[in-house]
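Chemist: 3D, please:
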Amino acid sequence: MSTNLLTLLPELILTLTAVLVMLFEPLLAPGASRKPLGWLAVLGAVGSGAAALCQLQFVNRLGAVTGFYGTVQVDAFSIFFHLLIASVVAATLLASLDYFHPTQVSHAGEYFALVLFGAAGMMFMTSSVELLMVFIGLEISSISTYILAGFRKGRATASESAIKYFLLGSFATAFFLYGIALCFGATGSTAIAAVSAGLTVTRTPLFGWLAVGMVLIGLGFKVSAAPFHVWTPDVYQGAPAPVVGLMSTAPKAAAFAVLLRFLFDAAPQYRTHWAPLIAIMAVASMTIGNLGALMQSDAKRLLAYSSIAHAGYLLVAFTATEHLAVSAACFYTAAYAAMNVGAFIVLTQLSGFDEKLRTIDDLTGLALRRPVLSAFLAFFLLSLIGIPFTGGFFGKFYVFSAAVHSGYTWLAIVGLANSGLACFYYLRLLAALYARPVADTVGDTPTPRSITFPAALALTATAAATLFLGILPNRVLNLTQRATPATVAQNTVQR
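Modeler: Presented below is the predicted three-dimensional model:
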């Protein structure tokens, strides 16, 4: 197999599958079901995950593999995120197969293709070791998610969601691109390995500091970290529920992967400058996210502020030494992806395309009407809190332990305090499901639709992953501990 083909195999499978979906979609009658296209998209996502496992076999035997003149690198780090993104995309697609309103079914093919194109961009970001290539992957991912955010056509909130995400996202992307330009100005290169070497001898260190700051701003928006979080609640509220589950996990995972590679590979010598900034962003994200969630009555907005807080928890890991930071951040990303995607799959099944059940009051007494879905949602909420025997508990444990071992004990204490604060709004939602008195008017609310087999499959998989990460975390930790992003590998096959 060609080395270049190997390095981009998962991305190529996703892209080719998306193209096939677009080619087959016009062949179907306007009112016909697009579910076969959805199954084709699921097959593409599963195939990309299998391709990532194929890459892992080569990496285990040969070491890191680079292609396209050293701009793309496949190692345990990128493979971990390839597998994670493929899993999130497959679960999202399964939950979306029966999601669309009958009047919107003709647009479902475009939806499936956009999800796959976006996933290809996310994977490309994680394997790129050249900043301009990262930018290309970022744009592929962003353009797809901009469109997906407004996919509930005809709804004012959907249009607002897409416009806000596009305008603010474009502005943040400009910061990221300007940071790349400053990297080139300081070092004469945009390759991460060359940037790392150049920053140690540059005659313009101010350019280097500004470059790190600009990249932090650009990626801080993508992960919805404070103070770059203002778009998150409105965009999440207007976007389709399965899209929110996707965009709150997979693009964030890709952005965190880029941030890990950039800070620890390209700018480790500036750690004394960026580590305090990361700590401040972590504290702000945790505090603003949890305080904002306390005041929400809309379930999607509540989970949006929760997403901001969890970005802060994950940023705590960045203050640790490289090996601890990468391992803890990777594990937390996987745990958060499983429980958050699962929570949004439940909301998708409860509210449907029209999202008639969306506030906490609407969910009152739901355990009496939909006990299974309520139990799944309760389990995911407990994991988001960080209750033992769930992935959320060990995710926070490893993140805070990494911070303590690296001298940031105060930051771990702030994180623990915020975790306690988060219990109030998660338990408020749980109380609505199980403990709040049911009013006489509850019977007038729309009956939630029955869960479909594909959605049940996705929901079971996310719950199993959350439970597995909480009971047997060492299996995943063994992979994350190998995932240190070594841009300059000792044993590298290059084309």
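Chemist: quick one: mean pLDDT over the one helix or strand residue 368 maps to.
Modeler: Using DSSP states H and E, residue 368 sits within helix 366-369. In this model, helix 366-369 has a mean pLDDT of 86.
Chemist: now it: buried residues?
Modeler: 366-367 (16 or more other Cβ atoms under 10 Å). Glycine gets a C-beta too; all of them are placed from N, C-alpha and C.
Chemist: what packs against it?
Modeler: Other elements packing on helix 366-369 under the criterion 3 or more Cβ pairs under 8 Å, 6 or more residues apart in numbering; DSSP states H and E are helix 371-385, helix 409-434.
Chemist: now do it: distance to the chain's middle.
Modeler: 30 Å (Cα atoms, centre = their mean, to the nearest Å).
Chemist: and if you look at stretch 184-192?
Modeler: 28 Å.
Chemist: so for that stretch, what gets flagged as buried?
Modeler: So for stretch 184-192, counting by 16+ other Cβ under 10 Å, buried means 184, 186-187, 189-192.
Chemist: keep only those of those residues that are in helices.
Modeler: 184, 186-187, 192 (DSSP state H).
Chemist: farthest-apart pair in these, please.
Modeler: 186 and 192 (13.4 Å; Cβ to Cβ).
Chemist: quick one on the thing from earlier: deepest-packed of the helices and strands packed on helix 366-369, please.
Modeler: helix 371-385 (a mean of 21; mean count of other Cβ atoms under 10 Å).
Chemist: which residues make contact with that helix from outside it?
Modeler: Under the contact criterion Cβ atoms under 8 Å, 6 or more residues apart in numbering, helix 371-385 has outside partners 306, 310, 335, 339-340, 342-343, 346-347, 349-350, 366-367, 390-393, 419, 422-423, 426-427, 429-430, 433-434, 448, 451, 459, 462-463, 466, 470.
Chemist: I'd like the next helix or strand past that helix.
Modeler: Next element after helix 371-385 (DSSP H and E): helix 391-405.
Chemist: packing partners of that following helix?
Modeler: helix 299-317, helix 322-351, helix 371-385, helix 409-434, helix 453-471, helix 473-480.
Chemist: return the third one as PDB; C-alpha atoms alone will do.
Modeler: Backbone C-alpha positions of helix 371-385 (Å, rounded to 0.1, in the frame of the first residue of the first chain) are rendered in PDB as follows:
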ATOM      1  CA  PRO A 371     -38.800   4.900  31.700                       C
ATOM      2  CA  VAL A 372     -36.100   3.500  29.500                       C
ATOM      3  CA  LEU A 373     -35.100   6.800  27.900                       C
ATOM      4  CA  SER A 374     -35.300   8.500  31.300                       C
ATOM      5  CA  ALA A 375     -33.000   5.900  32.800                       C
ATOM      6  CA  PHE A 376     -30.400   6.400  29.900                       C
ATOM      7  CA  LEU A 377     -30.600  10.200  30.400                       C
ATOM      8  CA  ALA A 378     -30.200   9.900  34.100                       C
ATOM      9  CA  PHE A 379     -27.100   7.600  33.600                       C
ATOM     10  CA  PHE A 380     -25.500  10.100  31.300                       C
ATOM     11  CA  LEU A 381     -26.200  13.000  33.600                       C
ATOM     12  CA  LEU A 382     -24.600  11.100  36.500                       C
ATOM     13  CA  SER A 383     -21.600  10.600  34.400                       C
ATOM     14  CA  LEU A 384     -21.400  14.300  33.500                       C
ATOM     15  CA  ILE A 385     -21.500  15.000  37.300                       C
END
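Chemist: give me the low-pLDDT residue ranges for the chain?
Modeler: 1, 101-106, 438-449, 485-495 (pLDDT under 70).
Chemist: next, the contact list for residue 419, please.
Modeler: By Cβ under 8 Å, 6+ apart, the neighbours of residue 419 are 313, 385-386, 396.
Chemist: and it, how far is that from residue 400?
Modeler: With distances taken as Cβ to Cβ, to the nearest Å, residue 419 is found 9 Å from residue 400.
Chemist: please apply the same query to residue 238.
Modeler: 34 Å.
Chemist: identify the residues contacting the closest residue to residue 332 other than its chain neighbours.
Modeler: Distance criterion Cβ to Cβ, 6 or more residues apart in numbering; nearest residue to residue 332, sequence neighbours excluded, is residue 395 at 4.0 Å. Going by Cβ under 8 Å, 6+ apart, residue 395 touches 313, 331-332, 334-336, 386, 469.
Chemist: can we see that at 6 Å?
Modeler: 331-332, 335 (Cβ atoms under 6 Å, 6 or more residues apart in numbering).
Chemist: can the residues you listed go into a markdown table with extra columns for distance to residue 282?
Modeler: Supplementary listing: these in a markdown table, determined by distance: Cβ to Cβ, whole Å:
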| residue | distance to residue 282 |
| --- | --- |
| 331 | 17 |
| 332 | 12 |
| 335 | 17 |
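Chemist: just the closest of those to residue 169, please.
Modeler: residue 332 (23.9 Å).
Chemist: wait, isn't that closest one in contact with residue 399?
Modeler: Yes: the pair residue 332 / residue 399 is scored as a contact, 5.3 Å apart, by Cβ atoms under 6 Å.
Chemist: which one's more surrounded, the two?
Modeler: Remark: of residue 332 and residue 399, residue 399 carries more neighbours, 30 against 27, as counted by other Cβ atoms under 10 Å.
Chemist: and the gap between that one and residue 295?
Modeler: 26 Å.
Chemist: to residue 243, which of the helices and strands packed on helix 391-405 lies closest?
Modeler: helix 322-351 (8.8 Å).
Chemist: and the closest one, what does it pack against?
Modeler: helix 76-96, helix 241-247, helix 250-261, helix 299-317, helix 371-385, helix 391-405, helix 453-471, helix 473-480 (3 or more Cβ pairs under 6 Å, 6 or more residues apart in numbering; DSSP states H and E).
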